[in-house]
Every structure is written in C-alpha cells, then in structure tokens.
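# just need the structure, nothing else, for what follows:
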Amino acid sequence: MIASRSEARVRDAVARLEGIARGGRVSGLVADLATEEGCTALVLAAEERHGGIDCLLLNGGGPPAGRALEPDDAVWRQAFEAVVLSVVRQVRLAAPRMAARGGGRILAVTSTSVRQPIADLVLSNALRAAVVGFLKSVANEFAARNVLVNCLAPGRIATDRIVALDAARAQREGAEAQDLLRHHLAGIPAGRYGSADEYGRVAAFLLSFANTYVTGTHAHVDGGMVRAPL
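This next block holds a predicted model:
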C-alpha cells in the first residue's frame, strides 16, 4: 500500500507496482502524511484492505533548501510536521499493532546529513537527526517484541530531487552544472552517483523478515561518501 497527496502519483505508482507484484495486491491512498488525519487514515486503510501492517517504509519528501538562518518560524514548523511528526504519528500507530501481530519491520529514509551536515540544507540537517533519535528509542523499546526499526541514508542517489538540488545550487553559485557534478564525484570513493535500485535492494532487506537481528541502525548507501567512522 502506498500513499501520496497526489491522486495522479498514487495512481501511477500503483500501476507500476502492479506490473511487478507477481500476483500481489497493491492499493493506494490519497493522504497528507504531514497531518495527524492522514497518518491515521493510512494505518486504518492498511488494516481494512490488507489485514494489517507488517512492514512500514517512512519515505516523506525532503524539506526545502536553505542556509542556517534563513528559514523563519513558520517554515521550521511546517518542516517539523512533515519530517518529524509524520514519522512519530505513523510509528505510534503502527508499532503496537505490529507487536500484537507477532512482529514487524520499520524503515525510515533519512539522509547522510545526520552524520555530515550538507551545505544549504539546514532543515534536513536538524530534523533528520531528530527522526534518527526517535526511531533509535523505538528500536530499543520494541526489539524484544520482534519489531525491528532502522534508518537508511541515501548518499548522492540519481533521483529527481538530487538533480533539482544540484541545479539550484549551480544557479545560486553561478557555476556550470557539469563543474558541480565533478565536484560531487570527487568526494565519492565509488566515483559515481548511486541508483535507486542500489538503494532499494538494501532497503528491501532491512524491511523484510529475512532481517531477523538488525535493529536500531543508521546505515548508509553512499558509495563511501561519508568518511565518519561511525
């Protein structure tokens, strides 16, 4: 089951997933997960349509770019609702239900900014760290009930958001896009951006019941970009 604020995107995602589901049942829900009503609707719809939640992937959109002192209080509040409270609300509903069913898996898409802040992304730098701290607490409390909770940080994965952020930074700095690309690649030992499939394979393991003993981690799929040892 997949949720989005956009009915068109939900429709498109469901159609693409049905094409690879090998007989599995796919459903979509139009909901704003930055609101309490949207989070509740998602969990209740999953129970009604699929009998419950076994695996929960928390993959909300990233907050807007901005330098350290640029966002005002309203922008901070809006980003907090979308990035942090959306995770808290969904997990608060899902984790006890998973435990009652005998277990479950929760995975949050975060950012390498948790360990190595990214220039001009102050909202992500601060709020993704809050998500990791919250989910580490949930992991500690629910591990004995077979609910395993992890975070997975993408490095520079070739997605539409990365392309947009690179273009915006190049324009802001008056640089050529290719020069900025070379700058980023120089900081990645693997020498290239990753693909969504490479990220997805790691996510699929952590979310699956093949994972029986990994919980409370914050792993990276980044080609070695983050140099911090822990």
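# buried stuff in stretch 190-206?
Neighbour counts over stretch 190-206 (16 or more other CB atoms under 10 Å) mark 193-194, 198-199, 203, 206 as buried. Placement of C-beta: from N, CA and C, glycine included.
# next secondary structure element downstream of the host helix or strand of F205?
Using DSSP states H and E, F205 sits within helix 196-207. Using DSSP H and E, the next helix or strand after helix 196-207 towards the C-terminus is strand 218-221.
# run the chain-centre distance for that next one.
11 Å (CA atoms, centre = their mean, to the nearest Å).
# of all the residues in it, which ones are buried?
Of all the residues in strand 218-221, those buried under the rule 16+ other CB under 10 Å are 218, 220-221.
# name the SS class of W76, please.
Here W76 takes the helix state, with states given by DSSP: H, G, I helix; E, B strand; the rest coil.
# mind listing what it touches?
L123 (CB atoms under 8 Å, 6 or more residues apart in numbering).
# now with 10 Å?
63, 66, 122-123, 126-127 (CB atoms under 10 Å, 6 or more residues apart in numbering).
# sketch out the strands for this protein, chain order is fine.
Secondary structure of the chain by DSSP state E: the strands cover 2-4, 28-30, 55-58, 104-109, 147-154, 218-221.
# for Q178, find the nearest of the ones you listed.
strand 147-154 (22.2 Å; CB to CB).
# OK, contacts around G51?
Contact partners of G51, counting by CB under 10 Å, 6+ apart, are R101.
# what pLDDT is listed against it?
What the model reports as pLDDT for G51 is 94.
# and L230, by the same measure?
Per-residue pLDDT puts L230 at 62.
# helices of this structure, residue ranges please.
Taking DSSP state H as the criterion, the chain carries its helices at 7-20, 36-50, 73-80, 86-100, 122-142, 160-173, 177-186, 196-207.
# I'd like those helices laid out as TSV, including distance to A228.
What follows is the helices of the chain, written out as TSV (distance: least, CB to CB, whole Å):
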stretch	distance to A228
helix 7-20	34
helix 36-50	32
helix 73-80	24
helix 86-100	23
helix 122-142	13
helix 160-173	21
helix 177-186	18
helix 196-207	18
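# comparing these by mean pLDDT, which bottoms out?
helix 160-173 (a mean of 83).
# got the angle between that one and helix 177-186?
120 degrees (axes from the mean of the first three to the mean of the last three CA atoms, to 10 degrees).
# contacting residues around D72?
Here D72 is in contact with G66 (criterion: CB under 10 Å, 6+ apart).
# ditto for A46
1, 3, 27, 29, 52-54, 56, 93-94, 97.
# filter these down to the buried ones.
Neighbour-count burial (16+ other CB under 10 Å) applied to the contacts of A46 gives 1, 3, 27, 29, 53-54, 56, 93-94, 97.
# what residues are up against the residue most central in space within the chain?
Central residue of the chain (CA atoms, centre = their mean): V109, 2.2 Å from the mean position. Contacts for V109 (CB under 10 Å, 6+ apart) come out as 57-60, 62, 128, 131, 151-154, 199, 203.
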